[in-house]
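Chemist: one predicted model, sequence on top.
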Amino acid sequence: MKLSDTKKGYSFKLAAFSGEALFQSLDKDLQDFIFQFGSAYKLTYQELRQVSEIAIDLKMWGDISVVDRLNLITSRYPAGNGNSKKHILKELQDYWHTLKTKPSDYSSNAPKVKSVVRKVTDNTDDHEIFGPCPVASEKTVCCNLITIDAVQGCSLGCSYCSIQTFYTDGAVAVESNLEDKLDQIELDPMKNYHIGSGQSSDSLAMGNRGGVLDAQLGFARKNPNIILEFKTKSKEVDYFLTSELSPNIFISWSLNPQVIIDHEEHFTASLKQRIG
Ligand code: SF4
């Protein structure tokens, strides 16, 4: 095989990896760095994924960036040496693991996390928007909540949340025909249902974009035997303050001490705003 063929083959691998939602959620400089590093050490698809995950974690934890960390490590292992890649990745993983297992220290000021601009798209796909929570199974201890999947992706940035990496381009997709889809759902009038909004998003962060809140409130009015819960960490309640509400809906906020919100729940409402 010619060297140019090998290079071409590796470029295909990088191109395939560049479509990964995880990679898309990185900023451009980081993407470029990971590509350069990947090319220099011929990282496998899984290794590219691992480095991207570590890059995201280091950033979220407010630690030294993966660029600086890898530059430090690689200065001791020249590219071209067969074993270099193994040693570099091992050092990087060990470093990441040490941080991961270290108890969080909230005594210093919260790190400044730069907001990631996320593309917002209208989702016209024919996917299911109603059903049991995906975690529910015979093997899980589950509250058996039924959920409405009105928005996929989240514009907020909680460090412990994996939702941002689920979707292509790191974009937030808003269901564009939720009303029609909810209209087609037939519930047993003899049963009561607890339904959660926001299976793969924050229930309110996108407001009423695409009429998703109109559609869900209409669904609650039409089905008095449901209790519809909107779970949020945002302060986007204006829509509810000016809408006619049926008695079977409620909004819930998860609560954490302000120090945890400052360090981990980036761009969300403060504790005071959540309970105020
Ligand atoms: S608000 Fe919820 S969905 Fe959004 S990032 Fe935080 S935990 Fe994830």
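Modeler: Done, it's in.

Chemist: quick one: name the residues of the stretch 51-200 of the chain near the ligand.
Modeler: By the criterion of Cβ under 6 Å from any ligand atom, the positions of the stretch 51-200 of the chain lying close to the ligand are 154, 156, 157, 158, 161, 163. Where you see a C-beta, it was placed from the backbone N, CA and C, and this is true even at glycine.

Chemist: which pair in those residues spans the largest distance?
Modeler: Using Cβ to Cβ, the two most remote members of those are 157 and 163, lying 10.3 Å apart.

Chemist: now tabulate the residues of the stretch 51-200 of the chain next to the ligand in TSV and tack on secondary structure and neighbour count.
Modeler: Written out in TSV, the entries for these read as follows (DSSP: H, G, I helix; E, B strand; the rest coil; neighbours: other Cβ atoms under 10 Å):
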residue	secondary structure	neighbour count
154	coil	24
156	coil	19
157	strand	18
158	strand	20
161	coil	16
163	helix	17
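
Chemist: tabulate those residues (JSON lines), appending pLDDT.
Modeler: As requested, these are exported to JSON lines (pLDDT from 0 to 100):
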{"residue": "154", "pLDDT": "91"}
{"residue": "156", "pLDDT": "91"}
{"residue": "157", "pLDDT": "86"}
{"residue": "158", "pLDDT": "89"}
{"residue": "161", "pLDDT": "85"}
{"residue": "163", "pLDDT": "80"}
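
Chemist: could you chop this protein up by domain?
Modeler: Segmentation of the chain into domains, based on automatic domain parsing, reads 3-101, 120-275.

Chemist: could you tell me the least trusted of those?
Modeler: Taking each of these in turn, the one with the lowest mean pLDDT is domain 3-101, at a mean of 86.

Chemist: give me the distance from that one to the chain's centre.
Modeler: In this view, domain 3-101 has its centroid 21 Å away from the chain centroid, taken as Cα atoms, centre = their mean, to the nearest Å.

Chemist: which element is residue 11 on?
Modeler: Element membership of residue 11, judged by DSSP states H and E, is helix 3-18.

Chemist: what helices or strands is the helix or strand following that helix leaning on?
Modeler: Using DSSP H and E, the helix or strand that follows helix 3-18 towards the C-terminus is helix 21-24. Of the remaining helices and strands, those touching helix 21-24 by 3 or more Cβ pairs under 8 Å, 6 or more residues apart in numbering; DSSP states H and E are helix 45-60.

Chemist: contacts for whatever helix or strand comes next after the helix it packs on next, please.
Modeler: Where DSSP H and E defines the elements, the next helix or strand beyond helix 45-60 is helix 66-74. Residues external to helix 66-74 that are found in contact with it (Cβ atoms under 8 Å, 6 or more residues apart in numbering): 29-30, 33-34, 37, 51, 54-55, 58-59, 84, 88, 91-92, 95.

Chemist: now, of these, which are buried?
Modeler: 30, 33-34, 37, 51, 54-55, 58-59, 84, 88, 91-92, 95 (16 or more other Cβ atoms under 10 Å).

Chemist: mind listing the strands in this structure by residue range?
Modeler: Counting by DSSP state E, the chain has these strands, from start to end: 120-123, 130-132, 146-148, 151-152, 157-158, 172-175, 193-197, 226-232, 249-253, 265-266.

Chemist: need those in JSON lines (columns: distance to residue 183).
Modeler: Below are these laid out as JSON lines (distance: least, Cβ to Cβ, whole Å):
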{"stretch": "strand 120-123", "distance to residue 183": "17"}
{"stretch": "strand 130-132", "distance to residue 183": "11"}
{"stretch": "strand 146-148", "distance to residue 183": "13"}
{"stretch": "strand 151-152", "distance to residue 183": "19"}
{"stretch": "strand 157-158", "distance to residue 183": "33"}
{"stretch": "strand 172-175", "distance to residue 183": "13"}
{"stretch": "strand 193-197", "distance to residue 183": "15"}
{"stretch": "strand 226-232", "distance to residue 183": "14"}
{"stretch": "strand 249-253", "distance to residue 183": "18"}
{"stretch": "strand 265-266", "distance to residue 183": "35"}
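
Chemist: I'd like to know which of these lies nearest to residue 205.
Modeler: Between residue 205 and these, the shortest gap by Cβ to Cβ is with strand 226-232, which sits at 6.9 Å.

Chemist: strands paired with the closest one, and their directions?
Modeler: When pairs are called by DSSP bridges, strand 226-232 turns out to pair with strand 193-197 (parallel), strand 249-253 (parallel).
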